[in-house]
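[1] Task: produce atomic coordinates for the following.
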Amino acid sequence: MNPPVNTRTLRRTVVTTLLVAVAAVGGACSEQLDGGATCASASPLCPGQAIEIRDTIIDPVIAFDSTYSGFPGLGAEVQLSVVTSPEFESVAVVRFDTLVALFIPPGDTAQAVQYVDSALVKMVVNIARAQVPDSVRIDVFDVGDSTVSDDTAQAPALARLVPRWRIGSKVFAKAALVDSILMPLSDSAILARLKDSTQGQPRLRIAVRAQDASGANAPVVMRFGSVESGDAMQLRYRPKNDTGVRLIAIVPASAGPVTRVDIQRDLMDYTMVTRNTLPELPGTITLGGIPGRRAYLRFDVPRRITDSTTVVRATLRLTQVAYPVGGPSDTVVVHPHIVLAGANVPDNRRASTLIGGAGFVISDSLIVTPNGEGQRTVEMYALVRSWAAQATSSAAPPRAIVLAVTDEGLLPRIVSFRGSTAGSGLRPSMRITYIPKTGFGIP
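    Residues are numbered from 1 along each chain as shown. Below is the predicted model of the structure:
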C-alpha cells in the first residue's frame, strides 16, 4: 500500500511542474541554437533550430463509459434529502427501535410508562442550496409495520404514507427553518408504540415529508441532519404529566434485519425515494440526482503520444445535453476523480468507488446547470503525464476517471453529457499538445 499523500502538497507540486514545463517550452520555442561556424545544417552533430510543438485531437478517446447509480449507499447519506416536485419525491426515514418504556419518577422506583406528554422530534435543518417556499408543511408518518417480516422492504413503508398513519403535521414559515426545529407528534400515537410489545422492544419508525403549504404545489427541496453528520433526529417525550419529570430522549437505532448486523447501522436513517418520473436520456453520461449517479470513463490514448512524447497540455472535451428538468439557478459542480482501482478490480462499478478525492491530480472542475448545453472542457495535463510514468508498471491503475457531482445524492439536480456512442464532434474527445522526443547526433 502506498503511503498517504498530502493533497495540498501534491497540488502545489503539480502546479509548479506545469509552470516549469510551460516556461521551458516557451523559452525553447524562441531560442535559436547555434552549432558554430563549422556545423553544417545537414550534420548529425548539429541540434535543430527550434523545438517542434504538435497538436492533435483524439476522437474517439473513450474506450468504455457507463453510468452507475446508488451513491452514496442507502443509509450512508451525510444528510437526509426531503424533496417534493412534480417529477420526484423523497422522504426521510428514521428508526427509533429502542423506545424507553420504563422511567423513574423523582423519589420513586422504576415504573412502566402509562402516559405520554409533549412528544416531539427535534430536526436539524439545512436549506443551503435548497428550494423552500414562503411556508412549508412537514408531515410525520408512522411507517413501522409490525406484521412485515422483511426488515429491508420499502413497499410496506410506502403504503403507510397516507393520512391514517400521520402522527404529526405542522406548517413552518421559511424564516423559521433555521438551525433546528421541534416537530410535535401525537402523544397517543407514541404511547401506543410504547405499549406494543409484539416485536419485543417497543419501537417507532417514522417518515418525514415536506410540501408547499400555500397550495401552489411549488417544489420543495430540504435536507435534514443524519446519523452520519452527527446531527441525527431525536425523539423526545415526557412519561408523566409533571414538569418535574424530565423528557426522555431517544436517538436513532435499528434492530433489524436481525441476520444482517452489518447493515443495521445504515438503516438507522436513510433517504427513501417514493416517486421518480425523471426522464432518462439514452446514449448519455448522467450525473447527480437522488440516489446519486456517477460516470466511469476509460480512455484509449495512443501510447506513442503518452509514453513517447512530452505532453504539455491535455484537454478533455465533453458535449453537454440540456436536461429537461432544472432551471438556470440550479448549479451543479462536476469533479473528475482518478480511478485508483487496479487490474485486480474487474468490476467497473466497484472501481468507480475506489477513486481519488476531488482535486487530487486533476484540479479542474466544471460548474454547469441542468439546462445548459454545448462543449465543456476539463484540463487533465497532470493525469496524462502520470500515465507515462506508470507505463512500465504491471500494477498501474486503468487509464480511467470517474465524473461525480458535489453533494452527491443530496440534491435532485441532474446533468447529462454525450456518451461514446454519439457521433464525431459530439462524443468525448481529447485535445493534446505535445513535444516529440528529440534525438541528437552521436559524435
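[2] how about residue 435, what does it touch?
    Residue 435 sits next to 25, 51, 52, 53, 54, 309, 310, 312 when contact means CB atoms under 8 Å, 6 or more residues apart in numbering. C-beta: built from backbone N, CA, C; applies to glycine.
[3] Tally up the residues packed near the third one, please.
    What it means is residue 52. A count of nearby residues for residue 52, using other CB atoms under 10 Å, gives 11.
[4] ok, now how distant is it from residue 434?
    Remark: distance between residue 52 and residue 434 (CB to CB, to the nearest Å) = 10 Å.
[5] now residue 200: how far from residue 264?
    Taking CB to CB, one finds residue 200 at 15 Å from residue 264.
[6] returning to that earlier point: let's see which of the contacts of residue 435 end up in strands.
    Residues from the contacts of residue 435 lying in strands, with DSSP state E as the criterion: 54, 309, 310, 312.
[7] Next, the buried residues of stretch 149-163.
    Neighbour counts over stretch 149-163 (16 or more other CB atoms under 10 Å) mark 151, 157, 158, 160, 161 as buried.
[8] of all the residues you listed, which comes closest to residue 181?
    Residue 181 lies nearest to residue 161 out of these, by CB to CB, at 20.4 Å.
[9] Now do the same contact list for the closest one.
    Contacts of residue 161 (CB under 8 Å, 6+ apart): 91, 141, 143, 207, 209, 274.
[10] for the helix or strand where the first one lies, the distance to its chain's centre please.
    Think residue 91. Element membership of residue 91, judged by DSSP states H and E, is strand 88-96. Centre-to-centre, strand 88-96 and its host chain are 18 Å apart (CA atoms, centre = their mean, to the nearest Å).
[11] coming back round to it: which of the ones in strands among the contacts of residue 435 has the most neighbours?
    Neighbour counts for the ones in strands among the contacts of residue 435, by other CB under 10 Å, peak at residue 312, which reaches 20 neighbours.
[12] ok, back up a step: take the contacts of residue 161 and write them to JSON lines, including neighbour count.
    Formatted as JSON lines, those follow (neighbours: other CB atoms under 10 Å):
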{"residue": "91", "neighbour count": "26"}
{"residue": "141", "neighbour count": "23"}
{"residue": "143", "neighbour count": "23"}
{"residue": "207", "neighbour count": "24"}
{"residue": "209", "neighbour count": "21"}
{"residue": "274", "neighbour count": "16"}
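[13] buried set for the lengthiest strand in the chain?
    Longest strand of the chain, by residue count under DSSP E: strand 117-131. For strand 117-131, burial by neighbour count (16+ other CB under 10 Å) applies to 117, 119, 120, 121, 122, 123, 124, 125, 126, 130, 131.
[14] Bridged to the third one, which residues?
    Counting by DSSP bridges, residue 120 is bridged to residue 184, residue 236.
[15] Check the last one too.
    Following DSSP bridges, residue 131 is listed with bridge partners residue 221.
[16] Am I right that it is in contact with residue 221?
    Yes. At 4.2 Å, residue 131 counts as touching residue 221 under the criterion of CB atoms under 8 Å.
[17] tell me the contacts of the nearest residue to residue 132 once chain neighbours are set aside?
    Among residues not flanking residue 132 along the chain, residue 174 sits closest, at 5.2 Å (CB to CB, 6 or more residues apart in numbering). Residue 174 sits next to 127, 132, 133, 134, 135, 136 when contact means CB under 8 Å, 6+ apart.
[18] right, and residue 85 touches residue 212 too?
    No. Residue 85 is not in contact with residue 212 according to CB under 8 Å; the separation is 9.9 Å.
[19] Overlap of the contact sets of the two?
    219, 220.
[20] Might one say that residue 299 is in contact with residue 65?
    No. Counting by CB under 8 Å, residue 299 stays clear of residue 65, with 9.9 Å between them.
[21] Enumerate every residue touching the nearest residue in space to residue 208 that is not next to it in sequence.
    Nearest residue to residue 208, sequence neighbours excluded (CB to CB, 6+ apart): residue 92, at 4.4 Å. Listed by CB under 8 Å, 6+ apart, the contact partners of residue 92 are 80, 81, 82, 207, 208, 224, 233, 269, 270, 271, 272.
[22] hmm, 6 Å instead?
    With contact taken as CB atoms under 6 Å, 6 or more residues apart in numbering, residue 92 is in contact with 80, 82, 208, 224.
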